[in-house]
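>>> Following is a predicted model, sequence given first.
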Amino acid sequence: MNLIAISGAHRNGNTERLLSEFVKGCRFIGAKVKTYKIRKMKISPCCGWSDCYYANYCIVKDNMKALVNELVSADAWVLATPVYFDDVSSYMKIFMERLNPYCNPPRFRNKKVFLLAVGGASGRSISKCLQSMKSGFARHMGLKVVGQLSAVADKKNEILENKAALARAFNAGKRFAKTTLDS
């Protein structure tokens, strides 16, 4: 089973540390996981050429085309983002917008996805972010959201002190991989 983990984090901080525990849980079950850090890839913002939506391809030449091929062949994805102003990070937003050409018809219909969000403000802010990812991005892409995990962490390395959140991430990764493997 092949899983793709997408990090929309700006640095190797709380979000990526929680994602790392989730990935460890997936690997514990036997999943092969490739992690992509959007900040380290050459992926430009959407150029707004609306014909791509109708033509089902993107005209921007960068690393996104190869990533789309990986996303197509993967059995499932996990999307991890820090939360800013009740929403995903700018990197995650670029990733999501660049998939716009593939939602009509949905190229990823019924692809299983797990959502992970870490925010420093409040659980309410994180919940709004996750809800937006489900009702906006996942719905338009035809994705099947099969789970989500959130954690509150603001200070540098704060998530490392939250052993319960790290354990939840590891166990969620195990469940996600097992459910994906069993289906």
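That came through, no problem.

>>> Tell me the gap between the least confident helix or strand in the chain by mean pLDDT and the middle of its chain.
Every helix and strand in the chain was compared by mean pLDDT, DSSP states H and E; the lowest is helix 51-55, with a mean of 82. Helix 51-55 sits 24 Å away from the centroid of its parent chain (Cα atoms, centre = their mean, to the nearest Å).

>>> Just the buried positions in it, please.
Within helix 51-55, the residues scored as buried using 16 or more other Cβ atoms under 10 Å are residue 52. Placement of C-beta: from N, CA and C, glycine included.

>>> repeat for stretch 72-82
74, 75, 76, 77, 78, 79, 80, 81, 82.

>>> Tell me, what's the model's pLDDT at the first one?
Spelled out, that is residue 74. pLDDT, residue 74: 96.

>>> Could you measure from it over to residue 14?
Noted for residue 74: a distance of 25 Å to residue 14, by Cβ to Cβ, to the nearest Å.

>>> Same question for the fifth one.
Relative to residue 14, residue 78 is positioned 16 Å away (criterion: Cβ to Cβ).
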